[in-house]
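>>> Model the structure of this input:
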Amino acid sequence: MQADAENQDLDNTSTPFLDALHPLFSSPDGDVVLGSKDGVFFRVHSFVLKMTSGWFRAMFTLPQKAPPDPLDPIYVGEDASALEGLLRMICGLPIPKLDTYEVIEPILDAAEKYDMPGPLSIIRALVVTPALLADPLRLYAMACRYGWHEEARTASQCTLALNLHAPEHRPMLQKLRTDALLNLLELHHGRREALRGRLNDPPFVNDHGDATCSHCGQPVDYHTWRELKYAIILEMDVRPLGDTIVNSGMTDWQTARACWAAKCSNCDRVLYDRKETLRVIRECIDQLPATVDTFDTDMILPSISSSVSP
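Numbering: from 1, shown residues only. Here you go, the predicted model:
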């Protein structure tokens, strides 16, 4: 009995991590122990690591000077939370709740580091959710980093509700690669410029040349319409989605009210049909490009797609 106790003490001394094993990864059948940076250990099977990770597969095939101790921990740079989420995915266990960037990003970093396509594909399938789309610029940055084109397009469409010139977005924009940043800026700027040009085409009054009343033919000063167009373009800079223009702006703005009240000084007819003007402007906005359309890093400026309505 005394000898058995001494052997047990020896085992505990030689494997001090046993008291800090994660409960989900503590099987005595595991032949590899991973140690997180915050002192939690994970006992797993080397076969699983080799099958799911290019990094571990290469490590385990390197020639060894001496047979490695299977219980000698391999220390990694991830904390326990990220390592647990990663191992759950590759071991077929229930995955953690992936509803915040604070949970997802460390797992993605680890999956990229250890060349694990499985966890990357799992997270990709789950990222376009309301919780993550609530911060579309961050989702766009993530999708561009990993080459998730469709997810990046979806996120870029959601960024149309943002003012990219606002100071709070600058840190996230600085994380984007040049091509991804140019794509997004061109989408936002392109919508404004496309609408600006469209508002100078028939049936709208052009900024240049003389204008006449459609009822009596007398010359008319269309300054109220020019001021409303200016307000529309300014709003597109702040919110390129354009929903605030057609939902409330065309009714509540002072420039809009002045435009609808404007009358011809000769025949006293209103100059603008509010209902029809609003319909055409809404139609114009619906036809604007809505997503980034290229991830070609060889292009300086991208083309943009108009296949999706905002």
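
>>> Residue 122: which element?
Assigned by DSSP states H and E, residue 122 belongs to helix 117-126.

>>> Please disregard the earlier target; I meant residue 231.
Assigned by DSSP H and E, residue 231 falls in helix 223-238.

>>> what's that helix in contact with?
Residues outside helix 223-238 that contact it (C-beta atoms under 8 Å, 6 or more residues apart in numbering) are 163, 165, 191-192, 195-196, 199, 204-205, 207, 242, 244-245, 249, 253, 255-256, 258-259, 261-262, 271-272, 281. No exception for glycine: its C-beta is placed from N, CA and C like everyone else's.

>>> Can you point out the buried residues in that helix?
Using 16 or more other C-beta atoms under 10 Å as the test for burial, helix 223-238 gives 224, 225, 227, 228, 229, 231, 232, 235, 236.

>>> For residue 244, see how far away the third one is.
Separation of residue 227 from residue 244 (C-beta to C-beta, to the nearest Å) stands at 17 Å.

>>> for the lengthiest strand in the chain, packing partners?
Using DSSP state E to define each element, the chain has its longest strand at strand 21-26. Packing partners of strand 21-26 (3 or more C-beta pairs under 8 Å, 6 or more residues apart in numbering; DSSP states H and E): strand 41-44, helix 80-90.

>>> Apply 6 Å and report the result again.
Packing partners of strand 21-26 (3 or more C-beta pairs under 6 Å, 6 or more residues apart in numbering; DSSP states H and E): strand 41-44.

>>> Check which element follows the strand it packs on along the chain.
That would be, after strand 41-44 and using DSSP H and E, helix 46-52.

>>> Pull the residues that contact that following helix.
With contacts defined as C-beta atoms under 6 Å, 6 or more residues apart in numbering, helix 46-52 is touched by 31, 32, 56, 57, 60, 90, 91, 116, 118.

>>> Need the max-distance pair from the residues you listed.
Pairwise distances across those peak at 20.5 Å for 31 and 118 (criterion: C-beta to C-beta).

>>> returning to what we had before: which helix or strand lies directly C-terminal to the longest strand of the chain?
Sequence-wise, the next helix or strand downstream of strand 21-26 (DSSP H and E) is strand 32-35.
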